[in-house]
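In: The following block contains a protein sequence and its predicted model.
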Amino acid sequence: MEIKGNHLGLGYENRVVLQDFDITVRQGEIVTFVGPNGSGKSTVLKTLTRLLPCRKGIVTCNGVPLTEIASRDFARQVGILPQQHQVPPDFTVRDLVSFGRVPYQNWHGGNSAEDDRVVDWAMKATGVWKLREKTLSACSGGEAQRVWIATVLAQQPDILFLDEPTTFLDISYQLEVMQLVKKLNRENGLGIVMVLHDLGQALEVSDRIVVIKDGKKYAEGPPEDVITPRMMKEVYQVDCQVVRLPGRKRPVLVYGEIP
């Protein structure tokens, strides 16, 4: 599966955020958008998932314009987890994850045996099976985020879009979510498209990184080609070194000058 747009103009009613923007995301890879606040990262995700119309150009899924794909069919291919989400406080984990099966159900029907099987699988795959009878309000922040990911995973999408999935989480929960993202990609072949603020996390888990600055694509490519001291200085105005450590597959970021 492939979602693609060329020479796109992205933005809102009275404001263009990005111009002449090219992007392709595919099933099976982890793509992360990074850049300063307000640069347009979330705008890209909203446009690629039909939450925001293009101001210029066309976004396609497997060659078909998104506007020509039925909502139910699109929801079976693409899962979306926005920054903000709410649920009634008495909902259990199983109740919420079951909502991921709506694209496969008739309006008058309940869960089928197949729905129940997929819901169980999604909870087990995200490590929330033991929480299934717990209310979401009683879950920790990290647990709740994994439950939301399970809900979108129950849609059985080919590509999962996550808008700042680690924001407001303690570091231990951030690491849990990043490990889960890698697991879903490596074991299930799921495409992951994310917006992240933590560049260390982006460097660690991504197959490809897209840097956005001042309404344009600054760079795109493998993490180690994109996250460089020059990029950090020009985009974030910080001094940074990219350092390799023994036993680590990917380098780490060290801010400031190294003695």
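Out: Yep, that arrived.

In: Put the alpha carbons of stretch 188-200 into PDB.
Out: Provided in PDB are the C-alpha atoms of stretch 188-200 (Å, rounded to 0.1, in the frame of the first residue of the first chain):
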ATOM      1  CA  ASN A 188       3.100  -7.400  11.700                       C
ATOM      2  CA  GLY A 189       4.500  -5.400   8.700                       C
ATOM      3  CA  LEU A 190       2.500  -2.400   9.700                       C
ATOM      4  CA  GLY A 191       3.500   0.900   8.100                       C
ATOM      5  CA  ILE A 192       3.900   3.600  10.800                       C
ATOM      6  CA  VAL A 193       3.800   7.400  10.100                       C
ATOM      7  CA  MET A 194       4.500   9.600  13.100                       C
ATOM      8  CA  VAL A 195       5.100  13.100  14.300                       C
ATOM      9  CA  LEU A 196       7.700  13.200  17.000                       C
ATOM     10  CA  HIS A 197       9.400  16.000  19.000                       C
ATOM     11  CA  ASP A 198      12.000  13.700  20.500                       C
ATOM     12  CA  LEU A 199      14.700  13.500  17.900                       C
ATOM     13  CA  GLY A 200      16.500  10.800  19.800                       C
END
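
In: Distance from the chain centre to it, please.
Out: Put simply, stretch 188-200 sits 5 Å off its chain's centre (C-alpha atoms, centre = their mean, to the nearest Å).

In: cool, stretch 15-25 as well?
Out: Counting by C-alpha atoms, centre = their mean, stretch 15-25 is centred 17 Å from the centre of its parent chain.

In: Show me the contact partners of that stretch.
Out: Outside stretch 15-25, the residues that touch it by C-beta atoms under 8 Å, 6 or more residues apart in numbering are 2-11, 31, 40, 43-44, 48, 55-56, 159, 191, 193, 210, 212, 215-217. No exception for glycine: its C-beta is placed from N, CA and C like everyone else's.

In: My read is that residue 49 contacts residue 75, right?
Out: No: counting by C-beta atoms under 8 Å, residue 49 stays clear of residue 75, with 10.0 Å between them.

In: need the helices for the protein, in chain order.
Out: 41-48, 71-77, 93-98, 113-125, 141-153, 171-188, 199-205, 223-226, 229-236 (DSSP state H).

In: how far away is residue 245 from residue 223?
Out: 15 Å (C-beta to C-beta, to the nearest Å).
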